[in-house]
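In: Fold the following and give me the result.
(chains A and B)
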2 protein chains.
Amino acid sequence: MAPVTIDTFVNQDKPHVVSNQSATITFGEYIFRRLLSIGTKSVFGVPGDFNLSLLEYLYAPSVESAGLKWVGTCNELNAAYAADGYSRYSNKIGCLITTYGVGELSALNGIAGSFAENVKVLHIVGVAKSMDSRSDNFKDRNLHHLVPQLHDSNFKAPNHKVYHDMVKDRVACSVAYLEDIETACDQVDAVIRDIYKYSKPGYIFVPADFADMSVAPANLIDVSHINQQDCITFPSEIQLFDVIDRATKWIYSSKTPAIIGDVLTDRYGVSDVLNKLIYATGIWNFSTVMGKSVLDESNPTYMGQYNGKEGLKQVYQHFEDCDLVLHFGVDINEINNGHYTFTYKPNAKIIQFHPNYVRFVDTRYGEEQMFEGINFAPVLQELYKRIDVSRLSLQYDPSVTPYTNETMQLEDPINEQSNNITQIHLQKVMPKFLNPGDVVVCETGSFQFSVRDFAFPTQLKYISQGFFLSIGMALPAALGVGIAMQDYPKAHITGGGIKEDYKPRLILFEGDGAAQMTIQELSTILKSNIPIEIVIWNNNGYTIERAIMGPTSSYNDIMPWKWTKLFEAFGDFDGKHTNNTVIESPSQLSLKLKELKNSKTRDRIELLEVKLGVFDFPEQLKCMVEAAALKRNKK
Amino acid sequence: MAPVTIDTFVNQDKPHVVSNQSATITFGEYIFRRLLSIGTKSVFGVPGDFNLSLLEYLYAPSVESAGLKWVGTCNELNAAYAADGYSRYSNKIGCLITTYGVGELSALNGIAGSFAENVKVLHIVGVAKSMDSRSDNFKDRNLHHLVPQLHDSNFKAPNHKVYHDMVKDRVACSVAYLEDIETACDQVDAVIRDIYKYSKPGYIFVPADFADMSVAPANLIDVSHINQQDCITFPSEIQLFDVIDRATKWIYSSKTPAIIGDVLTDRYGVSDVLNKLIYATGIWNFSTVMGKSVLDESNPTYMGQYNGKEGLKQVYQHFEDCDLVLHFGVDINEINNGHYTFTYKPNAKIIQFHPNYVRFVDTRYGEEQMFEGINFAPVLQELYKRIDVSRLSLQYDPSVTPYTNETMQLEDPINEQSNNITQIHLQKVMPKFLNPGDVVVCETGSFQFSVRDFAFPTQLKYISQGFFLSIGMALPAALGVGIAMQDYPKAHITGGGIKEDYKPRLILFEGDGAAQMTIQELSTILKSNIPIEIVIWNNNGYTIERAIMGPTSSYNDIMPWKWTKLFEAFGDFDGKHTNNTVIESPSQLSLKLKELKNSKTRDRIELLEVKLGVFDFPEQLKCMVEAAALKRNKK
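Out: Below is the predicted model:
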């Protein structure tokens, strides 16, 4: 047999790309041009035989010239995490492309996380072709990447839609398994609209033969751009009047109102409006675990992170003084609500603003009024426009001071001369290390619990999986954030106070156990030329689990790695693109942090391995520990 | 706030472990003792807060003293792959333990692969506790790791069994979501029996509070061991007589019978019986893609790998001469059956032996007889026992020579003095490098297609995902195989011909693109002291995809890595445990291969990075390429 050479390859049929002028385009081109039209400028994923025909259209002139970028990740789970990070930063739809079964299933946990945390992700899966050129009974065949039936698989056709059936109505707000090319473009658009509407992931399953098929470009011409605001449900004029009228009455009559800036405020792109409302009114405001960095935490009316009885006493005492709570972007779960310990002032009024309702609760009379089916984003915008600050009657206790990084009065028993870096030391020094306008990605783990009570500098964007808590997510998510920062530079900076020439840093806080899960994506971060500061908290294992159970159990141990050697193996052969530093003492840490904070050139990757105690975890993690202990004792 | 110290941890309640003498044991102990009783001596996984209470029982005296080993992997997908490899080698049940949502979903693709390829895997998932000590309305709460409802999640309870619902009846033969401690032990046993019966994965969802609960150890006493043969359906005496009678009649009257050794022969542990039948009768025999290494390929009656018209002409010509085909362990899918091109001699008789049926087909009369509901393993054993070789009437063409590595007559245009290593060169030299009794794990990719036509030395065990084809599986699977070889040394060596003191090698053939997917598990291989030879085929990207489409498309590129530096980063800081070699020429390859083949000390890890051409793929891959091309042209 003769060896197969490059000629075998280049003589293959190249996909037929229809030019812009012609009446039809290929469906592959449609998909990518539609992505561009919704603001998705980069796509993550891994090639596989069922998606190759689609991927070929990345190079169609109309797609390539418009700048759509392919970011190949090392595996599909990491692609899902990256797409999630892309969306969290840009507030556009993050997209990943995987292949039938082996690819899409690997990505599933990332998608579930996006679903749980309301992140806009489009998962395009290349699936078996709609018809087969090789046989008439294709549908009866057990295809590779597809699980056969449990019973009688040698005789019975497999379920070609088995993976689709898994995700539909469970981890996706919208799912289209394309079967008819005539309606395919409409189905794509419908899924995109749902993703924007619900701020949750959607799936499009694309048969391998569809990419080359011709479709009309009508949709692209009729609707040349789709933004989130095109997809949400606006209130009617009458509804809007009712809601604003009722809300302002409650606000004007309140002496101690509070605003909660929760996660969905970020997801529906109205964080800046909410901050403007706060600047204008001076109403006390509180962040939530999932809504961290929605609010300007440098604002003198910022009162800290409210997390029910699980948060700081200094914070919930002030919250419980408030007679009206305006909860914007409310999302209720055990993490975001301190294990359901939200506690209001007796007789307080509450208004919840949600993508599907605005709800007024008067606890004095046990009354509530629900405005269903309307999105709060336009309501907030209208409220900001219509509010008359002269009618406010704020009477906060003048002795109360705003929340700052000093509020906790942390007693750090160590100083820069001691040898060990502790969590409490980190809580004291790390906030100082951040600049206004920086972007911080934080891994699930011990340190994440400290960050809750940081008062961030203004315009800092914080990205973390606060509720779904899938360890390993942050590193590939940081890749996605880095790509989004390339596509949308400074998109998170909506206010003033940041120098024109300041280049926001991207900082990743990562645990060692978590980092091992998805470490290979360092390689893609390097490949993609993303300047990033990566801080690896090396505490020799799963300290967050040790805190809950089995502190010395071997299952919480991990293999010790030489973290500072990773980039050399992953592609920085001559060390030109990365600095890798081991930090063992508080003084080394301070020195390096100052250098990074003040650095003028940010073109390299900085990796810091910071050595921490194996059993050291922050006070804020205690709630989870205690919950677990309680469970154990009460059995 | 005072820092939390180690005292906080060691003062936690240790789980109450009931001694063997007492009337009850904890359920956690039950699970692990049951695992030991079914031959599962190692468990893979990742700790998470919902499984910690279970993992604590790894250290119960009755469990620890019996030698149950915890192998913590870097992530859950890798744990699933490792458990799969463990089972493929040992033919016992591979087990992994993950946590609710974030862990189990990450592992799902590995489980689907085990399902598609009939591998016995038990997936234990730690889930939310059955009751909650903190609140009465626990079931209504949005727990971390759990996806909320799409609609009204702030008001409606989540589906606690959402992940269970995904896998049930799709990628598992048996699923138990434990809700009643009274029946929990029986449910565990039932899932285990189903896994052995179907040779497919099963799930047990264990509420976090169940591990500490007391159960009766009755099941462990009544049934102290469970083997696969205890779980399969035996034929009745009458059925067995009928089947053997009919089969032997057909065999005795056949002039040119053929035996196919297919994958389920391996999964039901009767490969050695089949080989004995072949040795005794001299019947021509053929392997399949998924059943590779079921048969003794050094046997002079071995006729090569039959894969319909997609296999070698030299092979299918002989197959099509056979008037009777005894197909043992038949599993029909497009890969294992050459895209459904199996072609029989006109008027041939066929007997298919399957775990759920034995089927007689007489193509001359279009007749068939089906014996349903019986497992073929005892039938094969009985057939071997009863067959009277003196009544055989074999009349094979005496000019036909058996299949060997020379049958293909590969024309290798290069010699050891040339500079480039080609796939065709590998096909010629690699078989010589393997010793009888070795264990080979092969990644999905170009080289895997060549291996199909290797004639392996006797007693070599070959492990590869031939049908599901999930790239990245082989590396963690090799970890599982290595652990299984520690637990069951030489379990695969059932015949003679291997020297007593020969220590079988574990060899992993891995592609570069695939390796990047799951590379961190090198670290666990090192941690677990597994001597292994790892051959990384470095062809700069996804050559298997390039062969199908987009040969020069950037989506098929990957980041170049310095493969020989990985182990240093992953824990072999001083190079004491690994040798890392770059191989660029045929002569370097030969030298190293000879060294490894003949080495007497096999206590180190050997990593070979072998540089290959970007566009070079083996002839055997052409079938997939052509199928894809055909599809494209015929649109």
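
In: quick one: the strands in the stretch 501-635 of chain A?
Out: Along the stretch 501-635 of chain A, counting by DSSP state E, counting those that start in this stretch, strands occupy A:506-511, A:533-538, A:578-583, A:605-611.

In: Out of the ones you listed, which is closest to chain B?
Out: Nearest to chain B, of all the strands of the stretch 501-635 of chain A, is strand A:578-583, at 10.5 Å by CB to the nearest CB. Bear in mind the C-beta positions are built from the backbone N, C-alpha and C, glycine included.

In: Now do the closest one, average pLDDT.
Out: Strand A:578-583 shows a mean pLDDT of 98.

In: what's the offset of that strand from the middle of its chain?
Out: Computed by CA atoms, centre = their mean, to the nearest Å, the chain-centroid distance of strand A:578-583 equals 27 Å.

In: Who are the packing partners of that strand?
Out: Other elements packing on strand A:578-583 under the criterion 3 or more CB pairs under 8 Å, 6 or more residues apart in numbering or on different chains; DSSP states H and E are helix A:566-569, helix A:586-598, strand A:605-611.

In: Kindly indicate whether the spatially most central residue of chain A is helix, strand or coil.
Out: In chain A, the residue lying closest to the centroid (CA atoms, centre = their mean) is residue A:88, at 3.8 Å. Here residue A:88 is helix, with the state taken from DSSP: H, G, I helix; E, B strand; the rest coil.

In: after the helix or strand where residue A:190 lies comes which helix or strand?
Out: Applying DSSP states H and E as the criterion places residue A:190 in helix A:181-198. Downstream of helix A:181-198, the next assigned helix or strand under DSSP H and E is strand A:202-207.

In: Dump that following strand to CSV, restricted to CA.
Out: The C-alpha trace of strand A:202-207 is given here as CSV (Å, rounded to 0.1, in the frame of the first residue of the first chain):
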residue,chain,number,x,y,z
GLY,A,202,-29.6,26.5,24.3
TYR,A,203,-28.7,23.7,21.9
ILE,A,204,-28.8,23.4,18.2
PHE,A,205,-28.1,19.9,16.8
VAL,A,206,-26.8,20.2,13.2
PRO,A,207,-26.8,17.2,11.0
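
In: Pick out the residue of the stretch 201-350 of chain A closest to chain B.
Out: Closest point on the stretch 201-350 of chain A to chain B, by CB to the nearest CB, is residue A:333, at 3.5 Å.

In: mind putting the strands of the stretch 501-635 of chain A in a markdown table, mean neighbour count included?
Out: Putting these into a markdown table (neighbours: other CB atoms under 10 Å in any protein chain shown) gives the following:
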| stretch | mean neighbour count |
| --- | --- |
| strand A:506-511 | 26 |
| strand A:533-538 | 26 |
| strand A:578-583 | 18 |
| strand A:605-611 | 21 |
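
In: State the next helix or strand along the chain beyond the helix or strand of chain A with the lowest mean pLDDT.
Out: Within chain A, no helix or strand scores below helix A:6-10, which has a mean of 36 by mean pLDDT, DSSP states H and E. Following helix A:6-10 in sequence order, the next helix or strand is strand A:25-26 (DSSP H and E).

In: starting at the chain centroid, how far to that next one?
Out: Distance of strand A:25-26 from the chain centroid (CA atoms, centre = their mean) equals 33 Å.

In: the strands in the stretch 351-500 of chain A, which residues?
Out: Using DSSP E, counting those that start in this stretch, strands in the stretch 351-500 of chain A cover A:357-362, A:367-372, A:439-442, A:461-464.

In: And the last one, how far out from the chain middle?
Out: Using CA atoms, centre = their mean, we find the averaged C-alpha position of strand A:461-464 to lie 8 Å away from the chain's own average C-alpha position.

In: ditto for the third one
Out: With CA atoms, centre = their mean as the basis, the distance from the averaged C-alpha position of strand A:439-442 to the chain average is 10 Å.

In: That one vs chain B: in contact?
Out: No - Strand A:439-442 does not reach chain B (CB under 8 Å from any CB of the partner chain); its nearest approach is 15.7 Å.

In: one step back: CSV please, covering the strands of the stretch 501-635 of chain A and showing distance to residue A:298.
Out: Shown next, in CSV, are these (distance: least, CB to CB, whole Å):
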stretch, distance to residue A:298
strand A:506-511, 17
strand A:533-538, 21
strand A:578-583, 27
strand A:605-611, 25
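
In: neighbouring contacts of stretch A:239-251?
Out: Residues outside stretch A:239-251 that contact it (CB atoms under 8 Å, 6 or more residues apart in numbering or on different chains): A:235, A:257, A:281, A:283, A:324, A:326, A:349, A:351, A:358, A:360, A:369, A:371, A:374, A:378-379, A:382-383, A:386-388, A:391-392.

In: Provide a ChimeraX selection command restricted to the buried entries of these.
Out: Of those, the buried ones go into a single ChimeraX selection, burial set by 16 or more other CB atoms under 10 Å in any protein chain shown:
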select /A:235,257,281,283,324,326,349,351,358,360,371,374,378,379,382,383,387,392
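
In: In helices, which of the contacts of stretch A:239-251 fall?
Out: Among the contacts of stretch A:239-251, the residues falling in helices (DSSP state H) are A:281, A:378, A:379, A:382, A:383, A:386.

In: At the contact with chain B, which residues of the stretch 301-450 of chain A appear?
Out: Contacts of the stretch 301-450 of chain A with chain B, taken as CB under 8 Å from any CB, map to A:330-335, A:339-340, A:352, A:354, A:356, A:408, A:410-411, A:413, A:422-424.

In: care to break chain A down by domain?
Out: Domain segmentation of chain A under automatic domain parsing yields A:20-228, A:237-391, A:423-493+A:500-633.
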